[in-house]
Every structure is written in structure tokens, then in C-alpha cells.
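Novice: output the structure for:
(one chain, ligands or ions: 1)
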Amino acid sequence: MNRTGKMFSFFIAVIFTAILLISCGPLETEPLQAAGEGTVPTVTMETSVLDGAWEMQPVETSAPSGILVAYFSRTGNTETIAGWIQETFGGDLFQICTEDAYPEDYNELLDIAQQEQATGARPALSGQVQHMEAYDTVFIGYPIWWADMPMAVYTFLEEYDLSGKTVIPFCTHGSSGFSGTQEIIASLQPGAKLLEGIAVRGEQAADSHAEVVGWLAGLSLEGAGNTVAASGEEIRIRFSFDNGEAIAVLSDTPTVQSLLMQLPATVTMNDYAGAEKIAYFSESLSDEGAPEGYDPQIGDVACYGPWGNMAVFYNDQPYAEGLCLMGKIESGMDLLAALPENASVTIERVG
Ligand SMILES: Cc1cc2nc3c(=O)[nH]c(=O)nc-3n(C[C@H](O)[C@H](O)[C@H](O)COP(=O)(O)O)c2cc1C
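Specialist: Residues are numbered from 1 along each chain as shown. Below you'll find the predicted structure:
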């Protein structure tokens with residue numbers, strides 16, 4: 001069996017990355033006209049969205065609650081994710097806005113963004129976070145622009161000292177993922193504790209609620225002195241095998257419910273593509289209501305809908321249609337990754 005869609009997505013990602021490497025890197029020193037239509041075909045997917053009027057709207061913040069969700073968003077994709085984070089944790093939203101609005105015309109925006117990047121611009125921001133000292137945890141969200149963060153996000157990150165805080169990036173993108181921006185944030189804020197972020201395809205942002213909540217569920221956040229859980233109920237399962245055990249925290253979705261109904265269960269786990277440990281249950285797992293697919297991260301527990309099985313990712317894999325996130329491995333990832341073929345594994349709910 002092979003995952004045709006998965007491979008196709010992988011090749012698209014490779015081609016897009018190759019285009020970016022060719023067009024973005026060298027173009028930093030080339031005339032801006034070189035970034036015209038056709039040079040970056042994948043990013044032009046937003047043209048129709050940008051055709052509509054779009055205005056920078058600063059978001060009102062309420063009293064500090066320990067968690068800040070700061071984000072830059074030009075066409076609303078990143079803002080959608082920011083809203084769900086704020087809904088989940090009840091923190092404060094802050095939209096990073098520039099004093100000078102960006103053009104609505106897509107090609108003009110591409111040119112300006114590239115010019116800003118090439119000159120290392122730091123666009124002035126129109127608002128400031130009041131009482132940054134009151135936040136223990138700062139989510140920072142942005143779209144990927146030319147395989148980097150928008151320069152306005154650099155302005156933001158250089159304006160505040162986030163030392164001692166937990167910083168969690170999230171981004172939306174056309175296909176190039178984080179593009180190394182998590183590492184850039186770590187270098188800009190060396191005193192902050194950086195947690196693994198999430199990268200969501202812009203065109204799937206609106207359908208990625210379960211994926212985002214699943215990611216949030218895997219973050220054990222200490223905010224304002226309290227341990228906060230991402231969902232009302234935290235579901236934990238244990239994988240027990242010859243050499244030990246692993247624990248995963250899952251979010252409450254129809255897919256997870258279809259798993260829980262079958263637990264405890266002893267299954268055979270096998271390797272898939274040198275990146276996943278997969279298992280089948282007596283009944284196929286349901287992918288009812290799940291998004292079309294997502295880009296898995298190491299440590300994810302997912303369901304591959306067309307096969308109805310469970311996959312635990314111990315290596316990176318590209319976006320795949322049919323994949324839906326169930327949760328994250330909390331401990332024992334190395335042991336799971338080292339399982340031999342046909343390993344007998346008992347899975348049971350422990351919390
Ligand atoms: C100026 C510009 C440059 C972009 N460059 C990239 C890129 O290098 N890689 C990529 O995957 N997507 C790129 N995109 C697509 C955006 O990252 C994507 O559409 C994102 O979801 C937009 O988020 P927003 O709606 O929050 O503004 C670019 C978009 C724009 C406008």
C-alpha cells in the first residue's frame with residue numbers, strides 16, 4: 001500500500017521549497033521586479049483573498065491573565081488560530097499592526113515584503129503590549145513571508161524582553177512550514193523557554209481546529225501560577241510493551257472516542273516509512289468531522305483515515321491528506337520509536 005496523496009504533497013512541498021530557495025535567497029540582492037507573478041506561484045493562492053478590502057484592526061486586550069496570544073495576520077489565517085488559542089486558554093489577544101498599512105494588491109505586497117526582508121527593515125508598530133511583565137506565557141503567531149517571519153514580527157520580538165517566559169510559536173504558510181523561524185525566535189529571545197510550535201497551511205487554517213486543540217493539549221502550560229489544560233478533559237493513554245511504556249495525552253475528538261471505545265486493547269505495532277509506528281484495532285478508527293489532512297510533527301499520535309489505523313510519528317513526515325491528529329506523546333517516545341517489528345503493545349486509558 002502506498003499513500004499516493006502523501007507522496008504528491010511531499011513533491012509539491014519539495015518543488016515549492018526549491019522555488020523559494022532559488023527565488024528568495026538570491027533575490028535578496030536582486031531588483032524587486034524579479035519577484036513578479038510566476039516567480040512564486042504557490043504564494044499567489046491568496047490573491048482572491050487579498051482582493052477584498054482588508055484593514056488593520058488593533059484588538060482590544062482585557063486585563064492580563066498570564067497568557068498572551070500575540071499575532072500578525074494579513075489575510076486572517078493566523079488570526080483564526082490565534083482566536084482558538086485564546087478561546088482555549090482564556091488569555092489576551094494582541095494583534096501586531098504596523099503604522100503603515102500594507103497594500104491590498106498581492107503583487108505589491110510581495111514586493112514590499114521582499115524589500116523589507118532584503119533591507120532588514122523594522123516597520124514601526126502602531127500598538128504596544130501593556131504590562132508585558134504580567135505574562136508568563138507568550139504565544140507568537142505569524143504568516144510565513146518569503147520563508148521568514150514578516151519584518152513587523154521582528155520589530156515586535158526586538159521590542160520586548162521575553163526572558164523567563166514560555167514562548168510558543170505558531171504560523172500559517174503556503175507549504176514551506178516554519179522555515180527555520182522557530183530557531184530565529186530562539187536566537188532573538190535567548191532567555192525564553194521555547195516550546196514546539198505548530199505550522200498550519202493557510203488554506204486549511206479554517207479546518208484545523210482539532211489539529212490546533214490537539215497540539216495545545218500536548219503543551220503542559222504553567223500560566224500565572226496555574227497548570228492549565230487545553231481542553232476541558234485531558235485524556236491519557238498508556239502504551240505498555242516489553243521494554244517499558246509511553247504515555248500520550250489526547251484531545252476529545254470523535255476519532256479519539258472511537259479509540260477509547262476499544263480500550264484496553266493489545267495490538268501489533270509495526271514500522272511505516274521509517275517515521276511512524278502504526279497499529280490497527282479490531283474496528284477502524286473514525287475520522288468523522290476531521291480536517292482533510294495535516295502536517296504531522298514528531299511525537300504526534302494520529303489516525304490515518306483511509307486505513308482507519310493509528311500512527312505515532314517518531315520522524316518528520318510531510319503533510320498528508322487523510323491524517324488527523326489525536327494527541328501527543330508525553331513520555332517514552334524514544335522507547336516507542338525503538339520498538340521492534342511486530343511488537344505486542346497494550347494500550348489502555350489511564351486518565
Ligand atoms: C508576502 C508574502 C510572502 C509569502 N511567502 C510565503 C513563503 O515563503 N512560504 C509559504 O509557504 N507561504 C508564503 N506565503 C503564504 C502565507 O504564508 C499564507 O498565505 C499565510 O497563511 C497567510 O497568513 P495570514 O492570512 O494570517 O496573513 C506568503 C504570503 C505573502 C503575502
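Novice: low-confidence stretches in the stretch 1-150 of the chain?
Specialist: Applying pLDDT under 70 to the stretch 1-150 of the chain picks out residues 1-65.
Novice: what residues does it put near the ligand?
Specialist: Where proximity means C-beta under 6 Å from any ligand atom, the interface of the stretch 1-150 of the chain facing the ligand comprises 20, 43, 46, 73-79, 109-110, 113, 143-147. The way it works is simple: take the backbone N, C-alpha and C, and place the C-beta from them, glycine included.
Novice: out of these, which end up buried?
Specialist: Using 16 or more other C-beta atoms under 10 Å as the burial test, these include 20, 43, 46, 73-79, 109-110, 113, 143-147 as buried.
Novice: list the buried residues of stretch 133-141.
Specialist: By neighbour count on 16+ other C-beta under 10 Å, the buried set for stretch 133-141 is Y135, D136, T137, V138, F139, I140, G141.
Novice: for A248, what is the enclosing helix or strand?
Specialist: Of the helices and strands defined by DSSP states H and E, A248 is found in strand 244-250.
Novice: only alpha carbons, please: show that strand as PDB.
Specialist: Coordinates of the C-alpha atoms in strand 244-250 are reproduced here as PDB (Å, rounded to 0.1, in the frame of the first residue of the first chain):
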ATOM      1  CA  GLY A 244       8.700  -0.100  29.100                       C
ATOM      2  CA  GLU A 245       5.900   2.300  28.400                       C
ATOM      3  CA  ALA A 246       4.900   5.500  26.800                       C
ATOM      4  CA  ILE A 247       2.100   8.000  27.700                       C
ATOM      5  CA  ALA A 248       0.100  10.100  25.300                       C
ATOM      6  CA  VAL A 249      -2.300  12.900  26.000                       C
ATOM      7  CA  LEU A 250      -5.200  13.100  23.600                       C
END
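Novice: could you give me the buried positions within it?
Specialist: Residues of strand 244-250 classed as buried by neighbour count (16+ other C-beta under 10 Å): A246, I247, A248, V249, L250.
Novice: burial of whichever residue of the chain sits closest to the ligand, as a residue count?
Specialist: For the chain and the ligand, the shortest gap (C-beta to the nearest ligand atom) falls at G202, measuring 2.3 Å. A total of 25 residues lie near G202 under the criterion other C-beta atoms under 10 Å.
Novice: equivalent analysis for T266, please.
Specialist: Around T266 there are 12 other residues, counting by other C-beta under 10 Å.
Novice: name the helix or strand for it, please.
Specialist: T266 is part of strand 265-272, with elements assigned from DSSP H and E.
Novice: for the residue positioned nearest the centre of the chain, which non-adjacent residue is closest in space?
Specialist: Within the chain, the residue whose C-alpha comes closest to the C-alpha centroid is I198; the distance, by C-alpha atoms, centre = their mean, is 1.7 Å. For I198, ignoring the flanking residues on the chain, the nearest one in space by C-beta to C-beta, 6 or more residues apart in numbering is W215 at 4.5 Å.
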